[in-house]
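Visitor: The following comprises the amino acid sequence and a computationally predicted model.
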Amino acid sequence: MIRLEAAIEGNLTEFVKAEMTGGAIATTYAMTTASSGFVNEMRQQIKRAGLGDKMANTMHSKVYPPSKPSLGAAATIYSSAARKGIFYMGVFEDGAVITVRNCKWLAIPGPGAGIKGGRRVRPADISNLKLVFIQSKKPGLAMLVYKKGRESIVYYWLLKQVTIKKKIDFFNTADIWADKIPDFLISEWERQESALNSK
């Protein structure tokens, strides 16, 4: 009430302008804080799920408009992996059963499969070794191994299907951070009010 009376006695237009500016800064701050917090938590979930740092670091956020504070600020959360045609989020959010199509087996890299060009070597990439196919007694399971004397090194586990369990919780985590936005906004606005009153 005191600030409003002071504004009426002084310049109401400047007062309203300052309040709108403060609101825009607080709104943008809230969206930036919530989206960054959400991305960081999702990265941790992805790492704990065993999907690695590289996959975790595909999670990003962008706040709009990017150049200035806005009362209508909004944030977008996305994975850069989707740009490369890797749509993993839904699979690890809901779980899935992956079955073979247009081939006999799914090849899962074993201890012998190396890394080339930043990815695991596929069976088709191996031409200098003779891999031996071994059928397991368990239905739907086989191996490609390299025999070196008495030692057998598993290069690939071969399966008819793979069941992926739920490993991340994207939507519930998003709801949790969305619920924090009003608190972030109010705390930032109050901080600005306190700074103005102290002048």
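Guide: Arrived safely, thanks for sending.
Visitor: residues contacting A178?
Guide: The contact partners of A178, by CB atoms under 8 Å, 6 or more residues apart in numbering, come to A34. Every residue, glycine included, has its C-beta placed from N, CA and C.
Visitor: who touches the residue lying closest to I115 once chain neighbours are set aside in this structure?
Guide: By the measure of CB to CB, 6 or more residues apart in numbering, the closest residue to I115 outside its immediate chain neighbours is V121, 6.9 Å from it. With contact taken as CB under 8 Å, 6+ apart, V121 is in contact with P109, A113, G114, I115.
Visitor: Of all the residues in stretch 34-48, which ones are buried?
Guide: With burial defined by 16 or more other CB atoms under 10 Å, the residues of stretch 34-48 counted as buried are A34, S35, G37, F38, V39, E41, M42, R43, Q45, I46.
Visitor: How confident was the prediction at K68?
Guide: pLDDT, the model's per-residue confidence, is 90 for K68.
Visitor: next one: I2
Guide: If you check I2, the pLDDT there is 42.
Visitor: who wins for most neighbours among the contacts of V121?
Guide: For the contacts of V121, the largest neighbour count, defined by other CB atoms under 10 Å, is 21 neighbours, found at A113.
Visitor: For that residue, which three-state class applies?
Guide: Here A113 is coil, with the state taken from DSSP: H, G, I helix; E, B strand; the rest coil.
Visitor: That one reaches D125, doesn't it?
Guide: No - using CB atoms under 8 Å as the test, A113 is too far from D125 to be in contact (9.4 Å).
Visitor: elements contacting the helix ranked longest in the chain?
Guide: Assignment by DSSP state H gives helix 12-48 as the longest helix of the chain. Applying 3 or more CB pairs under 8 Å, 6 or more residues apart in numbering; DSSP states H and E, one finds that helix 12-48 contacts helix 2-9, helix 52-56, strand 59-64, strand 74-79, helix 170-197.
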